[in-house]
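S.K.: Next one to model:
(3 chains)
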Amino acid sequence: MFIRNAWYIAGWSDEVAGAPFGRRILDEPIVMFRDASGKVAALEDRCCHRGAPLTFGWTCPEGIQCGYHGLVYDRSGRCVLVPGDHNIPPDARVRSYPVVEQNQFIWIWMGDAALADESRIIDFPFHDDRANWPHQHTVYHIKGSYLMMVDNLMDLSHLGYVHDRTVGGTPLTHVEARQRVERNPDGVRITRWMLNSVPPPTYVKAAGFKGRVDRCQEFVFIAPSNVLQWTAAVDAGAGAYEPGHHGGGFCFRIFHGMTPETDNTCFYFWSVANNYSQHDPAATTMLFDEIARTFVEDQAIVEAQQARLDEHPERPLVNVHGDGAVIHARRVIERMIAEENPSASAAAGR
Amino acid sequence: MFIRNAWYIAGWSDEVAGAPFGRRILDEPIVMFRDASGKVAALEDRCCHRGAPLTFGWTCPEGIQCGYHGLVYDRSGRCVLVPGDHNIPPDARVRSYPVVEQNQFIWIWMGDAALADESRIIDFPFHDDRANWPHQHTVYHIKGSYLMMVDNLMDLSHLGYVHDRTVGGTPLTHVEARQRVERNPDGVRITRWMLNSVPPPTYVKAAGFKGRVDRCQEFVFIAPSNVLQWTAAVDAGAGAYEPGHHGGGFCFRIFHGMTPETDNTCFYFWSVANNYSQHDPAATTMLFDEIARTFVEDQAIVEAQQARLDEHPERPLVNVHGDGAVIHARRVIERMIAEENPSASAAAGR
Amino acid sequence: MFIRNAWYIAGWSDEVAGAPFGRRILDEPIVMFRDASGKVAALEDRCCHRGAPLTFGWTCPEGIQCGYHGLVYDRSGRCVLVPGDHNIPPDARVRSYPVVEQNQFIWIWMGDAALADESRIIDFPFHDDRANWPHQHTVYHIKGSYLMMVDNLMDLSHLGYVHDRTVGGTPLTHVEARQRVERNPDGVRITRWMLNSVPPPTYVKAAGFKGRVDRCQEFVFIAPSNVLQWTAAVDAGAGAYEPGHHGGGFCFRIFHGMTPETDNTCFYFWSVANNYSQHDPAATTMLFDEIARTFVEDQAIVEAQQARLDEHPERPLVNVHGDGAVIHARRVIERMIAEENPSASAAAGR
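M.R.: Here you go, the predicted model:
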């Protein structure tokens, strides 16, 4: 069961350009397009006439035209043309979804449209601030639930094992990191310090460290499915260190946006923005390429994990000491699902 | 549920040559072959001994021999040899299906053999009249129900959208075509006139039209699953115009034979026969190639439509003004299914 | 339903070398590895912490380490390290399976470990006797039940049909072979003589026969799923002939080990060891290559048969005269399953 009354990332702005663009979200087929105004719209990707996907059609000034028999819909999902028929049937319409374009994302609201509150959309101005935070972005299709991806980001002890050859570095550095976990009603904030540690290969490549470094990372999970990461490193002993404050060295932000496609697949929208060497596009590209390599490692383990769990979903797992953040993140999601479905949760609780 | 007491196209005659030929029809595995007499037979493609497909065997003078342990069956499905065993078990037989070879088709009867009436087979002498109607034929595998293919052919407003770059031409020409729909007990006849219209690219290529044309088309649906198409065009104003009569110009016939493979896949047997430039094989080939291009367009939209409908088969569709022929064709099919299954339809009606 | 209290082949010894090695057996995911002692172990391939497959990890002196968060398990399946946690939860363990390494095989016991009796493992010293019985071995993945493979080996009349171009030779030679079938409580022994017969191409290639030969074959099925084959040929009339005794000519042994992967797939471990030209590796390779060709033929027919039977598993098959060994082998398997599951079989018998 999904949280429906929430904003999910439906796509990057630049994904919805000329042709209609289809994507399955929360197991519903969606088509996105822009009409003559340039405004983006999201409709159910199924013509009400004979069920053909509207992604097989084309955009037109009024909105989108079905590629089978030519019905035209506007951004609200209303049919405004039935070729050869002057009387458009009153039930000729498809569902439309609220969408907002902000910070290079197209955000979609999959639940009750009356509850769609734009102020709840995550603000991420760094995507628009290319002077200070140049970034690159992409989207991966993951054959694993968004929950597995959230778990992955909430237990950072994996860095030393999954990513030992890239951003991770030595396992013990991660296992022994000093860590603060703040449990919030809508998520979790993890802050970690790895002081006086050997910088991983990626860091050295990017910032040219000569010796040991003080590392600091912040991961903020905001339910249902986004994680904002801030990472920095400076020469060891270069000063007190708190997330958001930094004095040179190596620093980047990652946006991890996980949108459910089906119960056990998701889209992983991510970007990395660097706060160093901002005038050198090669620096941004190098960082993106390094991070991309690590996310492919995450994808492999998450997909294998999902396949194994799908075999016997009822079998329990064993929690260990480091699972506090994972467990809280899952509780937040479960609470939100229960709040949306009071009768279902009452029945389950009996 | 399929109409069973009907003749379906099982294959083109030239598909059943040397080796046993397998095809799934109405969700039953069929093997076709010729014995020493040259007569074609259709048996269940499953040896009664250990279940091996007979398509893995080979033909022999008596019929077909299983490639696993050598059992031989004649055209009636009776086992006539068990290697090493003089007593052939009386239940050693496989189901045989009535087949008739006619007009380059192999027709098969999938229901009660006692009801198989050869006079009900569609007569299509044009396939045998190569002097006047040279043709080419093929078969496509469609990941969509035969019903979607019938719908496709019964709503010709799609021509201007799906086939705008090939046989279609401008959408409005099709939307505004004058059309006559005759509802028959066993099907539908659609006649359409597009007078004084711009000929589509395919027509110009084939017949060298210099200006506008009068176009006429006839589509005859004969339940359960075949459509006979007749199409012609002459210079605009060249004379009165009725299907079957023509005075030069551009004229062809298409046989559309859709045979269910499973509930949501089918085989699409089709041919195109031209009634112009009969002594020029290149003309036949050019027409075939053009039509083939359009049918690949149909296949794409039909398969996408099927996938979408399969997600929520219970959801209603919206009919529009132009759907009269589609709706009648579906009613004929439903009536025939109900007549074959009186108890099921009584139960459904309660 | 599988026989669980039995030894199955889990792999060839040489398959479990450096990295963890995964294989699904009786529909359970298994990971095999060696710890610092070199002893092989088989564990459930699912970390108890977050369900990641242990095959994504790596071996270590203590056993195997999960590649996600670094938990370490020893050969008994006990977790001996949780990175960053001094208190290992008592339920942190995964199932381990008894394994025995013998005659180049890794044998695994999938049932109640208390009943695992090593003396019941099939003895096959020929794999270790490379001076007299040089061999080559491999494993095939078969999209068919191990039962189909047992059937295949218990009805040798297929040799003349499936393998007519390789080891089979003329069908009638096989159909008319003199055959003795011994029914044992745990299997079947088939002995066959084809006296004064034309040697198949493979035999001539290997042994250079100039004329007719006396052939003798023995196939011993030992439930649940292994068949030991002994095959020999000498010049026709060269003397009395019994399995195990031979006086030159052409002679080889095949081990057919079929281990269920799922209900309708299996692993087919096989080797061929020759008892002629022992000092010529090319002779062993030539024989292996010839046999491999025939097993690909078996694989094709068995997979097609399985697919056909899966369509309507409830439909009966027709037995013929030559099916005695097949039927007895199946009865042994069914009896063993019933003995393991007394309540299920009582319920089925009511």
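S.K.: Just list what the longest strand anywhere in chain A packs against, helices and strands only.
M.R.: For chain A, the strand with the greatest residue count under DSSP state E is strand A:250-262. The helices and strands touching strand A:250-262, judged by 3 or more CB pairs under 8 Å, 6 or more residues apart in numbering or on different chains; DSSP states H and E, are strand A:7-12, strand A:21-25, strand A:135-142, helix A:146-154, helix A:201-207, strand A:226-235, strand A:265-274. Every C-beta, even on glycine, is put in place using the N, C-alpha and C of the backbone.
S.K.: quick one: buried residues of it?
M.R.: For strand A:250-262, a neighbour-count test (16 or more other CB atoms under 10 Å in any protein chain shown) marks A:250-261 as buried.
S.K.: now that strand against strand A:265-274, angle please.
M.R.: Computed with axes from the mean of the first three to the mean of the last three CA atoms, to 10 degrees, the direction of strand A:250-262 lies at 170 degrees from that of strand A:265-274.
S.K.: Give me the distance from strand A:250-262 to the chain's centre.
M.R.: Distance, stretch centre to chain centre, for strand A:250-262: 4 Å (CA atoms, centre = their mean, to the nearest Å).
S.K.: try stretch A:149-157
M.R.: 14 Å.
S.K.: before we move on, what about stretch A:90-105?
M.R.: Computed by CA atoms, centre = their mean, the chain-centroid distance of stretch A:90-105 equals 19 Å.
S.K.: ranges for the helices of the stretch 251-350 of chain A?
M.R.: For the stretch 251-350 of chain A, applying DSSP state H, counting those that start in this stretch gives helices covering A:281-311, A:324-340, A:342-349.
S.K.: Make CSV from the ones you listed and add distance to C:Ala42, mean neighbour count and mean pLDDT to it.
M.R.: Shown next, in CSV, are the helices of the stretch 251-350 of chain A (distance: least, CB to CB, whole Å; neighbours: other CB atoms under 10 Å in any protein chain shown; pLDDT from 0 to 100):
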stretch, distance to C:Ala42, mean neighbour count, mean pLDDT
helix A:281-311, 16, 18, 94
helix A:324-340, 29, 17, 96
helix A:342-349, 38, 10, 65
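S.K.: Make CSV from the ones you listed and add distance to chain B to it.
M.R.: Listed next are those as CSV, based on distance: least, CB to the nearest CB, whole Å:
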stretch, distance to chain B
helix A:281-311, 21
helix A:324-340, 22
helix A:342-349, 21
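S.K.: Out of those helices, which is closest to A:Arg120?
M.R.: helix A:324-340 (12.2 Å; CB to CB).
S.K.: what about stretch A:138-148, average pLDDT?
M.R.: If you average the pLDDT over stretch A:138-148, you get 98.
S.K.: which parts of that stretch are buried?
M.R.: For stretch A:138-148, burial by neighbour count (16+ other CB under 10 Å) applies to A:139-140, A:142-148.
S.K.: Need the distance between the two termini of it.
M.R.: The straight-line separation of the ends of stretch A:138-148 (CA to CA, to the nearest Å) is 19 Å.
S.K.: do stretch A:231-251 as well
M.R.: The first-to-last residue distance of stretch A:231-251 comes to 6 Å (CA to CA).
S.K.: mean pLDDT lowest for which of the helices and strands packed on strand A:250-262?
M.R.: Of all the helices and strands packed on strand A:250-262, the minimum mean pLDDT falls on helix A:201-207 (a mean of 81).
S.K.: Which strands and helices lie in contact with that helix?
M.R.: Applying 3+ CB pairs under 8 Å, 6+ apart, one finds that helix A:201-207 contacts strand A:250-262, helix A:281-311.
S.K.: can you list the domain ranges for chain A.
M.R.: A:7-120, A:131-338 (automatic domain parsing).
S.K.: mind giving me JSON lines with these and columns for distance to B:Met110?
M.R.: Compiled in JSON lines, these are given as follows (distance: least, CB to CB, whole Å):
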{"stretch": "domain A:7-120", "distance to B:Met110": "27"}
{"stretch": "domain A:131-338", "distance to B:Met110": "37"}
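S.K.: Local confidence estimate at the nearest residue to A:Ala300 once chain neighbours are set aside?
M.R.: Excluding the flanking residues, the one nearest A:Ala300 by CB to CB, 6 or more residues apart in numbering or on different chains is C:Phe56, at 7.3 Å. pLDDT, C:Phe56: 95.
S.K.: neighbours of C:Phe56, just the number please.
M.R.: C:Phe56 has 22 neighbours, counted by other CB atoms under 10 Å in any protein chain shown.
S.K.: Spit out the contact partners of it.
M.R.: C:Phe56 sits next to A:300-301, A:304, C:66-68 when contact means CB atoms under 8 Å, 6 or more residues apart in numbering or on different chains.
S.K.: Kindly recompute the last result at 6 Å.
M.R.: By CB atoms under 6 Å, 6 or more residues apart in numbering or on different chains, C:Phe56 lies in contact with A:301, A:304, C:67.
S.K.: where does whatever residue of the stretch 151-300 of chain A ends up closest to chain C fall, phi/psi-wise?
M.R.: The nearest approach of the stretch 151-300 of chain A to chain C comes at A:Val175, 4.0 Å away (CB to the nearest CB). Backbone torsions of A:Val175, given as degrees, to the nearest 10, read phi -60, psi -40.
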